[in-house]
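Novice: based on what follows, work out the 3D shape:
(one chain, ligands or ions: 1)
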Amino acid sequence: MIGFLDALARPVLFRLDPEDAHEWAIRAFKILQILPRLPAPPDDPRLAVFAFGLDFPNPLGLAAGFDKNGEVIDAILRLGFGFTEVGTITPLAHGGQSRPRLFRLTRDEAVINRLGFPSQGHAAVHARLALRAQKPGIVGINLDANKVSGDRPADYAWGIEIFADVADYFAINVSSPNTPGLRDLQRADALDDLLARVLAARDIATERFGRKPVLLKIAPDLTLAELDEIIYRARTRKIDGLIVSNTTVSRPTTLRDPSANEPGGLSGQPLFALSTQMLAAAYLRTENQFPLIGVGGVDSAETAVAKIEAGASLVQLYTSFVFKGLELAGEVKRGLVRLLAQNSYPRLAGATGAAAADWASGKLNADNFR
Ligand SMILES: Cc1cc2nc3c(=O)[nH]c(=O)nc-3n(C[C@H](O)[C@H](O)[C@H](O)COP(=O)(O)O)c2cc1C
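Specialist: The predicted structure is shown next:
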């Protein structure tokens with residue numbers, strides 16, 4: 001049924017401006033999540049992952065940016081995702097940059113966005129999440145500071161305080177390319193101060209709401225020296241995990257779409273190799289101190305397994321959901337079960353990091369997956 005509706009709707013949505021299409025998709029998802037349905041069959045137990053204190057039914061999540069305001073969590077989970085990440089949420093409501101600010105690179109199965117964090121703000125999103133707080137499903141909360149802020153770390157800490165009762169985990173986003181100065185928070189001293197204050201806010205909230213894992217989301221455009229510093233600070237401060245990666249400001253020479261030179265963050269297929277190399281480099285440096293979420297260009301079971309073998313415990317996607325549609329989560333999960341059998345991994349978790357050294361050295365690259 002979902003496949004049938006998708007086949008009807010997608011050609012129409014692709015004729016619309018990408019941001020209008022996204023707004024229509026959110027409206028449709030709101031309807032989907034109130035329709036009655038038969039209970040979904042449970043995920044294959046071999047796909048279950050235990051990471052940062054949470055039991056994930058399967059490793060595939062929807063990345064931040066699709067459901068910025070937490071409006072369609074239950075529809076997303078109903079499509080088979082093992083978790084979803086709401087946000088980025090800023091403290092105050094913010095309209096983001098002026099349109100056009102979202103570009104579909106159809107020939108490259110990619111997107112460029114320079115949305116600049118349109119958000120309904122803490123209060124509105126929290127009120128919505130509080131209404132579904134008793135429902136099942138793992139929901140991450142992705143936080144950022146206000147665009148104009150005298151004290152960015154305080155804005156993130158405020159987010160932890162506000163959402164601690166409804167979040168299963170937090171993602172601290174210091175890597176979107178569309179807010180001037182944001183990625184400077186990835187630099188050593190600024191990051192150390194940020195992590196100290198965010199984790200202090202989490203520890204205070206723990207007394208009332210239990211310990212909520214805090215993950216850091218980083219860019220794929222870091223140098224290895226910058227990555228060394230980030231991992232060092234993350235390990236010293238004992239964060240719970242890392243999300244690798246956000247969109248890239250780089251433009252691979254392989255891009256063919258006429259919109260390829262629009263400024264903003266590039267996601268989708270052309271980000272796959274770069275983000276997987278960064279993931280593997282991060283995995284080798286963490287020495288199992290905390291788990292990683294791999295994101296960037298995942299569009300199939302093969303690319304999901306590649307992320308896991310490069311070092312991810314969990315995987316997220318966004319852009320391929322636009323191009324491949326509503327049945328993607330189910331397809332990826334079925335493919336993962338097949339690949340488990342072929343590669344003789346008893347459980348998916350056993351594959352984490354199996355090819356990290358090959359990805360980090362460049363022996364494995366995008367050519368192995370296309
Ligand atoms: C339209 C769009 C909006 C996004 N918004 C956010 C955001 O608000 N916060 C964030 O951390 N990442 C955001 N992202 C980045 C994604 O979460 C993800 O890290 C990136 O797109 C790479 O994954 P993909 O290749 O599967 O899309 C956005 C991506 C896209 C395409």
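
Novice: can you show me the strands along this protein?
Specialist: All strands of the chain, identified by DSSP state E, fall at 49-51, 54-56, 60-62, 83-89, 102-105, 110-113, 138-143, 169-173, 214-218, 241-244, 265-268, 292-295, 314-317.

Novice: worst average pLDDT in these?
Specialist: Lowest mean pLDDT within these: strand 102-105, at a mean of 92.

Novice: sheet-wise, list the partners of that strand with their directions.
Specialist: strand 110-113 (antiparallel) (DSSP bridges).

Novice: quickly check: the partner strand near the ligand or not.
Specialist: Yes: counting by CB under 6 Å from any ligand atom, contacts between strand 110-113 and the ligand involve 111, 113. Every residue, glycine included, has its C-beta placed from N, CA and C.

Novice: alpha carbons only: can I get that strand in CSV?
Specialist: C-alpha atoms of strand 110-113 as CSV (Å, rounded to 0.1, in the frame of the first residue of the first chain):
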residue,chain,number,x,y,z
ALA,A,110,22.3,14.5,-4.2
VAL,A,111,21.0,17.6,-2.5
ILE,A,112,22.5,20.9,-1.7
ASN,A,113,20.9,22.8,1.2
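
Novice: which helix is the longest one in this structure?
Specialist: helix 188-209 (DSSP state H).

Novice: what's that helix packed up against?
Specialist: Packing partners of helix 188-209 (3 or more CB pairs under 8 Å, 6 or more residues apart in numbering; DSSP states H and E): helix 152-163, strand 169-173, strand 214-218, helix 224-237.

Novice: about what we covered before: tabulate the strands of the chain (a markdown table), appending mean neighbour count and distance to residue 76.
Specialist: Shown next, in a markdown table, are the strands of the chain (neighbours: other CB atoms under 10 Å; distance: least, CB to CB, whole Å):
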| stretch | mean neighbour count | distance to residue 76 |
| --- | --- | --- |
| strand 49-51 | 19 | 18 |
| strand 54-56 | 15 | 14 |
| strand 60-62 | 26 | 5 |
| strand 83-89 | 27 | 5 |
| strand 102-105 | 21 | 19 |
| strand 110-113 | 26 | 18 |
| strand 138-143 | 25 | 9 |
| strand 169-173 | 26 | 16 |
| strand 214-218 | 27 | 18 |
| strand 241-244 | 28 | 17 |
| strand 265-268 | 26 | 18 |
| strand 292-295 | 30 | 15 |
| strand 314-317 | 28 | 12 |
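
Novice: looking at the ones you listed, which is nearest to residue 365?
Specialist: strand 292-295 (15.4 Å; CB to CB).
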